[in-house]
Every structure is written in structure tokens, then in C-alpha cells.
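Visitor: using only what follows, build the 3D model:
(2 chains)
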Amino acid sequence: MNALIDTASWILLAGGALLSVIGGIGMLRMPDFYTRMHAASVTDTGGMILMLAGLMLQAGLTLVTAKLVFVMLFLLITSPTATHALARAALEDGIEPQVDHDKR
Amino acid sequence: MREHTVLRVVTKLLIAPIILFALYVQFHGDYSPGGGFQAGVVFAAAIILYALIFGLAEARRAVSPNLLRITGALGALIFAGTGVYAMLRGGNFLDYDYLAHDAIHGQHYGLLLVEFGVGLTVVSVITSIFYVFAGRGRRNDDEQPPGDAR
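Guide: Below is the predicted model of the structure:
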């Protein structure tokens, strides 16, 4: 049972790390501002949720898990809001999203 | 700022938990990482967030600069007063052992009081600095509506 939980936890942690790396690569490789921001939000939500879930499995039913739940709730509210504010500020500043028919 | 619905709603939702977390860092600081300075910064961040979203005039109405001036001085007074009180009880300056009937309780009270003083001063000073910087170049924007003849 213990080994099972440990394995599941490490799978989640590795998945979160993988998503974070993907988000990082996306931020470097994506062509324009909005797609880069989209790549960064993968790290914000997917990577964060998987890693915190992995850490919760490591901690078991303790106060640490309760604190991690609060951290997750906080991040789930704040990081989409930050992304929203960033995108809105960029749009109001006149950065146009790059779309496919621009290139032709 | 009237039209930023998402930001306003999320800010309203978040300010209370941020202040609660600041108080947790403040008063649990003797058992876990934290303390007066960190708690003060988190608390001031809540006020600054309010000012960023709802405007400087609204924030000044909620937490007035005059109040901050008083609490800033009060925090330093609590810090120094704890030290002087320990001296009056026969110890050195800030010698917590002499604050209560035994050394363990004395240390506990001393730590809580001093951290409270530090936290109060840090909230006040950081918010005051923000008010001064953010209000630079505008005169009396909390007293006169824009466009009012001087």
C-alpha cells in the first residue's frame, strides 16, 4: 500500500515536472506573445496541480496536506487572473494576436 | 478601473484571505517560519492590491495616511516599550526573561509583543511609502473631484 502511494506520488510529480518543462519550451519557441502566454499557463495550472497532488500524497492526511490544498486554491484563483490581466493589458496596448492568414 | 470586472471580483475575494494569512504569519511566527516583518509586508500587499484595483483615493479612504502615521509610531513604541519594561523589571534592555514570573513565559510574551510592534510599523511604513510614490504629481486627489476649479 505504501509503495503504491509512493509510486503514484512520484508519477504525479514527474508528470508535473514534464508539464513545467513543456511550458518552458513553449515560452521560448512559440511565435507571438499570446501563444507564449498560453504555454506559460500550462505550467501555472497543469504542472502546479500535478506537483501539489504528488506532494499531498507524500504528506498523507496531515496539516501539511491542508496547507497544500489552500495553496492550490489560491493559485487556481490567482494565476488565471494574472494571465487575464496580462492578456488584457497587452491587447489594450495594441499587440495584435498573430493569426494564420497574416502570413500569406 | 470601473470596467475591470474580473480583477475587481477576484480582488474582493482575495483580500480577506491575504489579511488572514498575514495575521497567521504574525501570530504563529514563534512556532513556524514568519514573524513581524513578513506579516507586515503581506498585510501591506493586501492594502496595495486594494489601491491598485480600486484606486488610490478609495484606499486612502479605507486606510487613512494619518492613521498609518500613528500606528507606525505606535509599533516602534511597543518595541521600545517592551525593552524598557524589561529594564524596569530589573533586566537588560529587551531582556525577555524578566517580563513575566518565569523566564519561559517571559520569552513568549516578549517575542509576541516585539513582533507585534515590528509588524505594525512595517504595515504602516510600507503602505505610507506606496501612498507617497503613487500619489506623486497629483495634488489632493482625495479631497477634490477631478476637474474641480482650484
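Visitor: ranges for the helices of chain B?
Guide: B:5-27, B:36-54, B:56-62, B:65-88, B:103-134 (DSSP state H).
Visitor: buried residues, the fourth one. List them.
Guide: Neighbour counts using 16 or more other CB atoms under 10 Å in any protein chain shown place B:68, B:71-72, B:75-76, B:78-79, B:82-83, B:85-86 of helix B:65-88 among the buried residues. Placement of C-beta: from N, CA and C, glycine included.
Visitor: re the thing from before, pick the most deeply packed of the helices of chain B.
Guide: helix B:36-54 (a mean of 20; mean count of other CB atoms under 10 Å in any protein chain shown).
Visitor: give me the residue from chain A nearest chain B.
Guide: As assessed by CB to the nearest CB, chain B sits closest to A:Thr81 within chain A, at 4.5 Å.
Visitor: how about the contacts made by that residue?
Guide: B:6-7, B:10 (CB atoms under 8 Å, 6 or more residues apart in numbering or on different chains).
Visitor: same check on B:Ile126?
Guide: B:Ile126 touches B:40-41, B:44, B:48, counting by CB under 8 Å, 6+ apart.
Visitor: pull the most distant pair out of the residues you listed.
Guide: By the measure CB to CB, B:Gly40 and B:Ile48 form the most distant pair in these, at 12.2 Å.
Visitor: how about the residues of chain B near chain A?
Guide: Selection of chain B residues close to chain A by CB under 8 Å from any CB of the partner chain yields B:4, B:6-7, B:10, B:13-14, B:17.
Visitor: again, only this time at 10 Å
Guide: Residues of chain B lying close to chain A by CB under 10 Å from any CB of the partner chain are B:4, B:6-7, B:9-11, B:13-14, B:17-18, B:21, B:53.
Visitor: excluding sequence neighbours, find me the nearest residue to the residue in chain B that chain A sits nearest to.
Guide: Nearest to chain A in chain B, going by CB to the nearest CB, is B:Val10, at a distance of 4.5 Å. Closest residue to B:Val10 apart from its sequence neighbours, by CB to CB, 6 or more residues apart in numbering or on different chains: A:Thr81 at 4.5 Å.
Visitor: next, the angle helix B:36-54 makes with the longest helix along chain A.
Guide: Scanning chain A for the helix with the most residues, using DSSP H, yields helix A:63-92. Between helix A:63-92 and helix B:36-54, the angle comes out at 40 degrees (axes from the mean of the first three to the mean of the last three CA atoms, to 10 degrees).
Visitor: so for helix A:63-92, mean pLDDT?
Guide: In this model, helix A:63-92 carries a mean pLDDT of 91.
Visitor: for B:His105, what are its contacts?
Guide: B:96-97, B:99 (CB atoms under 10 Å, 6 or more residues apart in numbering or on different chains).
Visitor: local confidence estimate at it?
Guide: For B:His105, the pLDDT comes out at 89.
Visitor: and the buried residues of helix B:65-88 as a markdown table, adding pLDDT?
Guide: Shown next, in a markdown table, are the buried residues of helix B:65-88 (pLDDT from 0 to 100):
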| residue | pLDDT |
| --- | --- |
| B:Leu68 | 94 |
| B:Thr71 | 95 |
| B:Gly72 | 94 |
| B:Gly75 | 95 |
| B:Ala76 | 95 |
| B:Ile78 | 94 |
| B:Phe79 | 94 |
| B:Thr82 | 92 |
| B:Gly83 | 91 |
| B:Tyr85 | 91 |
| B:Ala86 | 91 |
